Structures are given as structure tokens and as C-alpha cells.
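In: quick one, fold the following:
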Amino acid sequence: MSLFTIALKSIRQRLLASSLTALSVALGVALMIAVLLANNILQRTFNLQQFGYDLIVGPKGSQLELVLSTVYRIAPPIENLPWRYYEELKQNKQIATAVPVALGDRTEEGGFPILGTTVEYFNVPYAGERRFRTSDAWPKGKWESVVGSQVARENGWKVGQEFRMVHAGQDDHVHDERFTVVGILEQTGTPNDRTVFVNLEGFFAIAGHEKPVEEAIAREADFFGETYEEVSQRYASDIAEIKAHDHSSHDHEGHDHATPDLQKEVTAILIRMKSEEGKGYLAQTRAIEFSSKLREGFQAQAVNPMVPMQRLMTNLVGNVRQLLLYLTGVIIVVSGISIFVSIYNSMSDRRREIAIMRALGADRMKVFTIILLESITLCLAGGIFGILLGHGGLILLAPIIEAQSGLAIDPLLFDPKELILIPVVTALAVLIGFLPGLTAYRTDVAENL
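Out: Prediction:
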């Protein structure tokens, strides 16, 4: 009979105690797996290395809030920018693409964020070379919309569906205007999956989205450093059109007339700088220069979205992850101590058993090895079960987490750091089994028979 077989029989004799001690190791390892996978998911979710744009231009304020609202749509917009500023950026010779976005409202069903933009938004790859694909058409018409895959799935929306939106910051006011779904985006694994995209002109035309004339004039005067009279003169035709419309009808339901530029505003502008074939660094250089120039003024800010997100991951998420890893490490050590206590306490009950083994011809080293094999078997069984438990939990919880948080999760996700768990558990087992094995090694045969 091999030494390993003897060790297994010894474990079976104390099956309940052995199972509980192995389970404690399994839970510690499963928790460690959960922490590693959660960190991996967060890093993939907030990894903007392949973000389709070089800069996000938005109002002065928190860079992190600008990124969270514009890219992830999980924070309210800081403020808005005048439409005229977007028109100026389009004329900038260093800018290849400038895409306006307007945020704030949400869907009546499901509370999904609504993003008003132009069709050009879908022409830019959302990650690396990956491009948007839709089941049917893009929202070229004023009251047309495309919806993310998660929105369509959870709301049960199909092409031809009509919906209304809830006004920003209000839970009870639902706009009368209706948009029609003309396409459903293929899954991207990004926040776009849980976003509803509407034609920007339709977004502007919704009653209550136009900036009041007096506020719009004051805003532009302050933003561009002009006088109230200068802005009024610039938009004389717009002001006349607004007054004519107000006189003709006080009922804005439907609001089918074009919104004057003076009353338009955008939440942010997504920028891609011009570059040349084989000279990708030119876009980065121009982005740095452009953002530095904006910092000198007071109008707006240009943010490289990777910078605040890396800061967040390093300073907040990174510290929390380290703390959780330390805590789970402590849990595994405590589990190891429980195995040590279990095996060591069993030594007093097994002295006669060990003495009989010695009398039958087993030398001290074989007895020591059997005890060590018991410790290693319990720890390895617990470690392997813990890895299976951690990944099994992810497979089961992935659909629920996706539905609740909107994060796209790969249920077969694997973190390379998991490879060190089994060697660590094995080393811990050897350390745990050494003292009980030494006790067995020193057991006196004559005294215990």
C-alpha cells in the first residue's frame, strides 16, 4: 500500500473534520479568485487604450466627471457648450473629426441614458479597428434612433418601436415627442450597449431642450468674451425667428421647426486630431498642444480620457484591490492554521495508530511523509475546489451583473495571477504539515502500544 493511499484513508476516517478544513481553504481561494477577476473586469471596462477619440472637449470642471458622463454615461453632465463653439472646432485645421454629443435625458422604460449625436458618431471605430454595426439603419431622420443591444434586450424593443424620454433631472416629466427605433446596434462590450442614440436635431427640437434666448445670449457673451450687444447682433436673424415663432404659437408640442443655433448647446465634443500615414505620434502631439492651449483660457477643457481613468484605477480601485488581496491572503492563512490545528490535535488520538505502523515496519520518515501528504492533499483539494468555485460563480453571476451594471463580462475570464495560487497553497500545506509530521516522527513506539 502506498503512502498516499494511507494518507487518503486517514483523511476518510475524519471525513467531516477534513471536509470542513478543506472547505475553509476553498472559500479563501474562491474569494481570492473573485478579487482577481473583479479587478480584471474593471481594468477591461475602464481601459481606454483603444478609445476611438483623442480628446473630449467639455466645460471647465472635473475631468473625471466629464469622462464618466460622456464615455460611460454614469454621471450627470457638468454643463453645456454653445453650438457656435462646436462650429468653430469643425473649422480647426488640426482637427480631423469633431462629433457633438448631448446628454442628460433617459428613457421612460428602463431609465437608459439617451445620447443625442450625428451619424458621424458611428463612423469612428469604438475600439481599435472595431466599428459599429446595426441591424437595419442609422438615425438620419430627425425623429429616428438606434439603440444598444442591452437596451433592446431588456426593454424588448424592435425596429419600428416608438419611445419617449424623461427630462433631465426630473422623475415625473416625460416629453411628448416620440422617437422611432430604426436600428439596433450589435453588441460592443462597451457602455454603448446600454445607450439610446437619437438624432441630434430631434434632441434639440424637444420642447424644453432649447436654451432660453436671454440665457443663451448671456452665455455666449461670457463664453466668448463678447458684449451682450455683439452677440445679439450676430444672432439677429435667429432672435427674429424665435420671436416670430413665439407670436405664432405658444404651444411647443411637436416642435417641428428647426432650432436656431443660438439656442443649441452640446454636452461635449469628441475630437480626433489629424495625422499622417505612419505618423500616429502627430495626432498625440497635436492633442497635447490643443489641450494645453485650452488650459490657458477659461472657455472649456480638452481631456485625454485615459488620464483621469488611469488615475482613478491607480489611486482608488488599485488601493481597494490591494486591500482585498491582503484580506483574502489572510483568510487563506487562517484556513491553513485551521488545517494545522485539526491535524495537530488529531496527533494525540493517533499516537497508538502511529505506534502500530512503526511496529509493523514503517520507519520515522514514512510516518512523517504520511502526515505531510495529508496536509498537502487537504490544501490542494481545497485550492482546486476554490478555483472551480470562483469561476463557477462568475459563470452563474455574469448575466445578472451585466443586467444590473451594464458591464460586459466574459464568463470564461482568466487572470494569469491565478497560476501562482496552487504553488502558494502547496507551500502553505508543507509548512502546515511540518510540525504535526515532526510530532508523529518523534512518537515513541513502546510508550504508545
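
In: hey, let's count contacts and neighbours off CA atoms from now on
Out: OK.

In: look up how far Glu162 lies from Arg178.
Out: Distance of Arg178 to Glu162, given as Cα to Cα, to the nearest Å: 6 Å.

In: kindly report the same for Pro308.
Out: For Pro308 relative to Glu162 (Cα to Cα), the value is 37 Å.

In: after the strand or helix carrying Ile400, heading C-terminal, what element do we hit next?
Out: For Ile400, the enclosing helix or strand under DSSP states H and E is helix 364-405. Elements were assigned by DSSP H and E; along the chain past helix 364-405, the next helix or strand is helix 421-441.

In: tell me the buried residues in stretch 197-211?
Out: 197-207, 209-211 (16 or more other Cα atoms under 10 Å).

In: again, but for stretch 231-242
Out: Here stretch 231-242 shows 231-232, 235, 238-239, 242 as buried, counting by 16+ other Cα under 10 Å.

In: for the residue nearest to Gly58 when sequence neighbours are not counted, grab phi and psi.
Out: Using Cα to Cα, 6 or more residues apart in numbering and skipping residues adjacent in sequence, the residue nearest Gly58 is Ala268, 4.6 Å away. Main-chain dihedrals, Ala268, degrees, to the nearest 10: phi -160, psi 170.

In: quick one: contacts for Ala268?
Out: Contact analysis of Ala268 by Cα atoms under 8 Å, 6 or more residues apart in numbering lists 56-59, 70, 80-81, 100-102.

In: and for Glu201?
Out: By Cα under 8 Å, 6+ apart, the residues touching Glu201 are 142, 258-259.

In: and which of these is nearest to Phe51?
Out: When those are ranked by distance to Phe51 (Cα to Cα), Lys142 comes first, at 27.7 Å.

In: so the closest one, which of the three states?
Out: Judged by DSSP: H, G, I helix; E, B strand; the rest coil, the three-state class of Lys142 is coil.

In: give me the domain ranges for the chain.
Out: The record's domain parsing of the chain by automatic domain parsing lists 3-46+310-448, 55-306.

In: now do the longest strand seen in the chain: which elements does it pack against?
Out: Criterion DSSP state E: the longest strand present in the chain is strand 95-102. In terms of contacts (3 or more Cα pairs under 8 Å, 6 or more residues apart in numbering; DSSP states H and E), strand 95-102 is packed against helix 83-90, strand 114-117, helix 200-205, strand 265-266, strand 268-273.

In: give the other helices and strands that the helix holding Ile400 contacts.
Out: Using 3+ Cα pairs under 8 Å, 6+ apart: helix 364-405 touches helix 3-13, helix 15-45, helix 318-359, helix 421-441.

In: pLDDT score for the residue nearest to Phe434 when sequence neighbours are not counted?
Out: Distance criterion Cα to Cα, 6+ apart; nearest residue to Phe434, sequence neighbours excluded, is Leu372 at 6.5 Å. Listed pLDDT for Leu372 reads 83.

In: tell me if I'm right that Leu372 and Ala427 touch.
Out: No. Leu372 is beyond contact range of Ala427, at 11.3 Å (criterion: Cα atoms under 8 Å).

In: settle it for me: which of these two has more neighbours?
Out: Between Leu372 and Ala427, Leu372 has the larger neighbour count (other Cα atoms under 10 Å), namely 24 against 13.

In: ok, now which ones touch that one?
Out: If you count contacts by Cα under 8 Å, 6+ apart, then Leu372 has 429-430, 433-434, 437 around it.

In: output the residues you listed as TSV; include the columns neighbour count and distance to Gly383.
Out: Shown next, in TSV, are the contacts of Leu372 (neighbours: other Cα atoms under 10 Å; distance: Cα to Cα, whole Å):
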residue	neighbour count	distance to Gly383
Ala429	24	11
Val430	18	14
Gly433	25	16
Phe434	18	19
Gly437	27	21
